[in-house]
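Q: Output the structure for:
(one chain, ligands or ions: 2)
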Amino acid sequence: MSEINFKGRDFISLADYTREELFFLLEQAKELKKNPLQPLLAGKNLALLFEKPSVRTRVSFEVGMNQLGGSAIMLPPEQVQLGKRESVADVAKVLSRYVDGIMVRTFAHSTILELAENADVPVINGLTDLLHPCQVLADLFTIWEKKGKLEGLKLVYLGDGSNNMAHSLMLGGAIMGLEVVIASSGEYRPDQSIAAKTQELSAKYGGRVSFETDPQAAARSADILYTDVWASMGQESEANLRRKVLAKYQLNQALLECAKPDCLVMHCLPAHYGEEITLEVAQSANSVIYDQAENRLHAQKAVLVQLLG
Ligand code: CP
Ligand code: NVA
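A: Numbering: from 1, shown residues only. Ligands and ions are numbered 1, 2, ... in the order given. Prediction:
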């Protein structure tokens with residue numbers, strides 16, 4: 001373990017971390033969940049920079065910094081106007097003179113990469129159109145807590161196979177040795193570069209990632225059924241089309257019955273009940289959606305302690 005060093009690193013993609021490093025973060029999250037108030041980041045400040053709305057990401061990072069003895073500064077979209085009021089590079093350079101880390105939620109993934117290239121402090125990805133690594137770290141933590149292991153579990157993600165959640169679940173699953181099945185329509189396949197990276201990671205770590213268009217076949221013997229909204233933030237104008245094309249991937253009772261009886265039902269939230277998931281399934285005994293939301297706090301605190309501490 002002695003070679004593990006997170007200090008000063010960015011947290012932009014799970015693919016930038018090894019299985020050993022991700023397990024280290026999960027162990028730390030477990031410890032921080034038991035002892036939440038530790039002044040490990042006393043005097044440290046984190047900027048929270050948003051181009052899109054948020055409930056969980058904003059509140060969990062802010063509470064996380066407070067519980068660790070530090071502070072967070074909320075910068076909503078209209079205030080900074082990243083790339084409009086001033087350049088991404090200037091925002092990165094200036095914030096680096098004030099704060100010890102920058103958590104950022106952007107539309108284009110290229111924006112976070114440009115920000116990280118120009119920042120002198122760690123940059124944490126609070127969601128881009130391409131990836132959502134903080135959510136998936138919390139999800140891996142939730143699965144690990146509930147199932148006592150990660151390797152070999154079958155996780156089936158249903159719905160938009162081309163969004164940030166699908167991508168980060170593929171990468172995280174490949175690294176941690178899960179079997180990940182993306183069940184979606186052919187129009188909503190994962191990004192090519194993510195699929196290629198996933199193949200590379202699966203070969204290295206022994207995970208398995210595949211694409212399936214038949215939701216029932218995909219869900220068979222699943223340990224975890226996961227879904228997310230069909231139209232992500234920024235895709236609102238496509239919502240009607242996506243509702244039609246993705247209707248058969250709804251996570252409902254009939255699909256849940258294809259999975260193992262102790263299958264976990266997961267959703268990163270926000271949810272559109274009656275679309276990608278029924279309220280019945282979201283409220284069923286299999287559902288762990290609020291544990292996932294809570295675990296954002298513990299998992300991200302582990303990231304903050306390691307990168308900023
Ligand atoms: N799951 C998630 O990232 O939620 P928010 O968009 O509310 O932050
Ligand atoms: N795919 C969703 C995730 C929200 C947490 C979105 O990007 O809107």
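Q: OK, contacts around the residue of the stretch 151-300 of the chain found nearest ligand 1?
A: Closest contact between the stretch 151-300 of the chain and ligand 1, by C-beta to the nearest ligand atom, is at residue 268 (4.1 Å). The way it works is simple: take the backbone N, C-alpha and C, and place the C-beta from them, glycine included. By C-beta atoms under 8 Å, 6 or more residues apart in numbering, residue 268 lies in contact with 132, 135, 139, 165, 228, 292.
Q: Could you measure from it over to residue 277?
A: In this view, residue 268 and residue 277 are 11 Å apart by C-beta to C-beta, to the nearest Å.
Q: what residues does the stretch 201-309 of the chain put near ligand 2?
A: The stretch 201-309 of the chain comes close to ligand 2 at residues 228, 229, 232, 233, 268, as judged by C-beta under 6 Å from any ligand atom.
Q: one more time with 5 Å, if that's ok
A: Residues of the stretch 201-309 of the chain that fall close to ligand 2, judged by C-beta under 5 Å from any ligand atom: 228, 232, 233, 268.
Q: And the contacts of stretch 136-147?
A: Contacts of stretch 136-147 (C-beta under 8 Å, 6+ apart): 14, 22, 25-26, 29-30, 150, 153, 155, 165, 168-169, 171-172, 176, 223-224, 226, 264, 266, 268, 288, 291-292, 295-296, 298-300, 303.
Q: make it 6 Å
A: For stretch 136-147, contacts defined as C-beta atoms under 6 Å, 6 or more residues apart in numbering pick out 26, 29, 150, 168-169, 172, 264, 288, 291-292, 295-296, 299.
Q: do the same with stretch 244-263
A: If you take C-beta under 6 Å, 6+ apart as the criterion, stretch 244-263 is touched by 158-159, 183, 185, 215-216, 219-223, 225, 227, 230, 277-278, 280-281, 286.
Q: mind redoing it with 8 Å?
A: By C-beta under 8 Å, 6+ apart, stretch 244-263 touches 156, 158-160, 183-185, 187-188, 215-216, 219-225, 227, 230, 265, 267, 275-278, 280-281, 284, 286.
Q: Helices of this protein, start to end?
A: Applying DSSP state H to the chain gives helices spanning 19-34, 56-67, 77-80, 88-98, 109-118, 133-147, 164-176, 192-205, 215-219, 239-246, 253-256, 279-282, 289-308.
Q: Least confident of those helices, on average?
A: Between these, the one with the least mean pLDDT is helix 77-80; it has a mean of 94.
Q: is that helix anywhere near ligand 1?
A: No: applying C-beta under 5 Å from any ligand atom, one finds helix 77-80 separated from ligand 1 by no less than 12.9 Å.
Q: Buried ones in that helix, by neighbour count?
A: residue 80 (16 or more other C-beta atoms under 10 Å).
Q: What's the per-residue pLDDT of the nearest residue to residue 206 once chain neighbours are set aside here?
A: For residue 206, ignoring the flanking residues on the chain, the nearest one in space by C-beta to C-beta, 6 or more residues apart in numbering is residue 177 at 5.0 Å. Here, the pLDDT recorded for residue 177 equals 98.
Q: for residue 177, what are its contacts?
A: 19, 150, 151, 152, 205, 206, 207.
Q: Quick check on those residues: which are buried?
A: With burial judged by 16+ other C-beta under 10 Å, the buried subset of those is 19, 150, 205, 207.
Q: wait, doesn't the third one sit right on residue 175?
A: This points to residue 205. Yes: with contact defined as C-beta atoms under 8 Å, residue 205 reaches residue 175; the gap is 5.5 Å.
Q: what residues are shared contacts of those two?
A: Shared contacts of residue 205 and residue 175, counting by C-beta under 8 Å, 6+ apart, come down to residue 19.
Q: Point me to the residue of the stretch 151-300 of the chain nearest ligand 2.
A: residue 232 (3.3 Å).
Q: What parts of the stretch 1-150 of the chain come near ligand 1?
A: Contact residues, the stretch 1-150 of the chain versus ligand 1 (C-beta under 5 Å from any ligand atom): 54, 55, 56, 57.
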